[in-house]
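*Asks:* Mind looking at a prediction? Sequence and model below.
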Amino acid sequence: MIGALPGHPIEEDPLPLSPGTAREVDNLVATAQAEGRTPSLAVGVVRDGALTHLATAGGHPHPHADLQYRIGSISKTMTAVLIMQERDAGRLTLDDPLDRHLPGTAAGALALRHLLGHASGLQREPDGPWWERSEGVDLATLLAGVTPAKVALPPYRAYHYSNLAYGLLGGVLHQLTGTPWSELVRERILEPLGMRRTTYAATEPYARGWVRHPWRDTMREEPRTDTRAMAPAGQLWSTVADLARWAAFLADPDPTVLAPDTLTEMCAPVVINDLESWRGGHGLGVQLYRDGDRVYVGHGGSMPGYVAVLTVHRASRTGVVGFANSYGFRTGGIGGLGQRVLTTVLDAEPTAPRPWQPADAPPPADVAPLTGRWWWMGIPLDVTWDHAAGELVGHLRGERVSRYAPEGVDRWRGRSGPEHGEVLTVLRDGTGFPVALDIATFVFTRSPDDEP
């Protein structure tokens, strides 16, 4: 085990990978480095808030958990969290048009939600030379280049990835707070989470980035630019240990940085990017990937000389982070490698369910009569009491599980499951005894023979 991550508390020490799983992950990484022709490759596995395994390959330079690489577009996930912080604080809404915060561009009617989810129709890149390999421009120059020609598609009609959108979102943050994006991300995310080796510019030790010649296998070092106004789209540098902290946050967020419900909202699809098989999509700043019955969240990243991956399975609090210091990856990309490693770990070592614990006390007197079996149209609903959470749990047909939190006298609000957001109302007879549960107008009684 590599160890728990400072800044991210865990409930207990997670188990390291078994020797067999560790060997399989190591082999995947070694094969990817050899066949992908990348100078160095580092991949970390994160479980329950800790970096539990580090697999490395290559020697230019020899990778380790504290070696910096450029993370590219993984920076966008942090920009999105900053926007959601502002939304939660009431300083903007996701339906705000861009013009409300950055007036005067041809993209002014586009909603912030569209920009976050790559559903705005904006073209991929800003004006000028390729921004990733050039010295950046200031915000005013970036905005001057947002002409009508930059709106390639009608908003929200289709997925179209846009780096430009995230340069504009960074501008929104600067205008709204008066603080540059680089300072916001450091003050609000990196410092609270203990990500001290995640920086705006390269900080030794760091891996130099290269482009490999396709036939000669020689290497050309790439420039390390300051992208300035486009920094929110891809500027940051990080390490396996630090990016593991960010993966742990995406799996189980620190509420002092972002409310867990807000992060769950970010992981809901804004747009599907693969309408034929529904294998991928985009939420509010995070990419979504479907692998069988699992959905992973995260983001890929690339800058000249570097590629990176961040992939998280939130339900099991398991993730994979990784870096390579070459632009391009001959065998299909580091993103595919990250998903293969994550699937390998989850298939070989599924998360054990939490052990059942007996309740310390019976349900409260006003709750006990609500438990047991109820019926609607011959369909059973079993209601139990979760003493630890203080919630009712409804099991419909033994398959659909919804949880309800108290909201007032005889009123409970669906907190998760199919009835999330719906109201459960307790109906009582003349003596005050509960005789039915009205769940969003569906009335459950104690007898399967009762008429609806």
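*Replies:* That came through, no problem.

*Asks:* quick check: longest helix of this structure.
*Replies:* Counting by DSSP state H, the longest helix found in the chain is helix 19-36.

*Asks:* And the average pLDDT for it is what?
*Replies:* Taken as a whole, helix 19-36 has an average pLDDT of 96.

*Asks:* list the buried ones in that helix?
*Replies:* Within helix 19-36, the residues that count as buried by 16 or more other Cβ atoms under 10 Å are 21-22, 24-26, 28-29, 32-33, 36. Heads up, the C-betas are built off the backbone N, CA and C, glycines and all.

*Asks:* Check which strands are paired with the helix or strand just after that helix and give the direction for each one.
*Replies:* Next helix or strand after helix 19-36 toward the C-terminus (DSSP states H and E): strand 40-47. Here strand 40-47 is paired, per DSSP bridges, with strand 50-58 (antiparallel), strand 318-324 (antiparallel).

*Asks:* Compute the mean per-residue pLDDT across strand 40-47, please.
*Replies:* Computed over strand 40-47, the average pLDDT equals 97.

*Asks:* Make residue 1 into 46 and carry on from there
*Replies:* Happy to do that; since the first residue is 46 now, the last one works out to strand 85-92.

*Asks:* Now that strand - C-alpha only, PDB.
*Replies:* Coordinates of each C-alpha in strand 85-92 appear next as PDB, following Å, rounded to 0.1, in the frame of the first residue of the first chain:
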ATOM      1  CA  SER A  85       7.900   6.900 -18.900                       C
ATOM      2  CA  LEU A  86       4.500   5.800 -17.600                       C
ATOM      3  CA  ALA A  87       3.000   6.000 -14.100                       C
ATOM      4  CA  VAL A  88      -0.400   4.600 -13.100                       C
ATOM      5  CA  GLY A  89      -1.900   4.700  -9.600                       C
ATOM      6  CA  VAL A  90      -4.800   2.900  -8.100                       C
ATOM      7  CA  VAL A  91      -6.900   4.700  -5.500                       C
ATOM      8  CA  ARG A  92      -9.300   3.000  -3.100                       C
END
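
*Asks:* give me the beta-bridge partners of the closest residue in space to residue 414 that isn't next to it in sequence?
*Replies:* Computed as Cβ to Cβ, 6 or more residues apart in numbering, the closest residue to residue 414 that is not its neighbour in sequence is residue 479, at 5.1 Å. Counting by DSSP bridges, residue 479 is bridged to residue 473.

*Asks:* got a list of what residue 479 touches?
*Replies:* Residue 479 sits next to 414-415, 471-473 when contact means Cβ atoms under 8 Å, 6 or more residues apart in numbering.

*Asks:* Tell me the pLDDT of it.
*Replies:* Looking at residue 479, its pLDDT reads 97.

*Asks:* May I ask you to confirm that residue 170 is in contact with residue 179?
*Replies:* No. Residue 170 is not in contact with residue 179 according to Cβ atoms under 8 Å; the separation is 11.1 Å.

*Asks:* These two: who's more crowded?
*Replies:* Neighbours were counted for residue 170 and for residue 179 using other Cβ atoms under 10 Å; residue 170 has more, 18 against 15.

*Asks:* In contact with the more buried one, which residues?
*Replies:* Each residue near residue 170 by Cβ under 8 Å, 6+ apart is listed here: 176, 208-209.

*Asks:* Let's see that with 6 Å instead.
*Replies:* Taking Cβ atoms under 6 Å, 6 or more residues apart in numbering, we find residue 170 in contact with residue 208.

*Asks:* Excluding covalently adjacent residues, which one is nearest to residue 178?
*Replies:* Closest residue in space to residue 178, ignoring its immediate chain neighbours: residue 349 at 4.9 Å, by Cβ to Cβ, 6+ apart.

*Asks:* Give me the number of neighbouring residues for that neighbour.
*Replies:* With other Cβ under 10 Å as criterion, residue 349 counts 20.

*Asks:* Could you give the backbone dihedrals for residue 475?
*Replies:* Per-residue torsions, residue 475: phi -60, psi -20 (degrees, to the nearest 10).

*Asks:* State the pLDDT value of it.
*Replies:* On pLDDT, residue 475 comes in at 95.

*Asks:* repeat for residue 50
*Replies:* Per-residue confidence (pLDDT) for residue 50: 46.

*Asks:* still on that earlier bit, output the buried residues of helix 64-81 as TSV; include the columns distance to residue 459.
*Replies:* Below are the buried residues of helix 64-81 laid out as TSV (distance: Cβ to Cβ, whole Å):
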residue	distance to residue 459
66	38
67	42
69	41
70	39
71	45
73	41
74	43
77	44
78	48
81	47
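
*Asks:* Spell out the residue ranges of the helices in the chain.
*Replies:* Counting by DSSP H, the helices of the chain are 64-81, 120-133, 157-161, 184-189, 208-222, 226-230, 276-279, 285-296, 305-311, 379-393.

*Asks:* list the helices and strands the last one packs on?
*Replies:* To tie it back to what came earlier, the one meant is helix 379-393. helix 64-81, strand 351-358, strand 363-369 (3 or more Cβ pairs under 6 Å, 6 or more residues apart in numbering; DSSP states H and E).

*Asks:* So which of these is nearest residue 229?
*Replies:* Residue 229 sits nearest to strand 351-358 of all the helices and strands packed on helix 379-393, at 19.9 Å, using Cβ to Cβ.

*Asks:* one step back: how about the residue nearest to residue 178, what does it touch?
*Replies:* 177-178, 267, 372.

*Asks:* What score does the closest residue to residue 361 other than its chain neighbours have for pLDDT?
*Replies:* In space, and not counting its chain neighbours, residue 361 is closest to residue 396: 4.1 Å by Cβ to Cβ, 6+ apart. Per-residue pLDDT puts residue 396 at 82.
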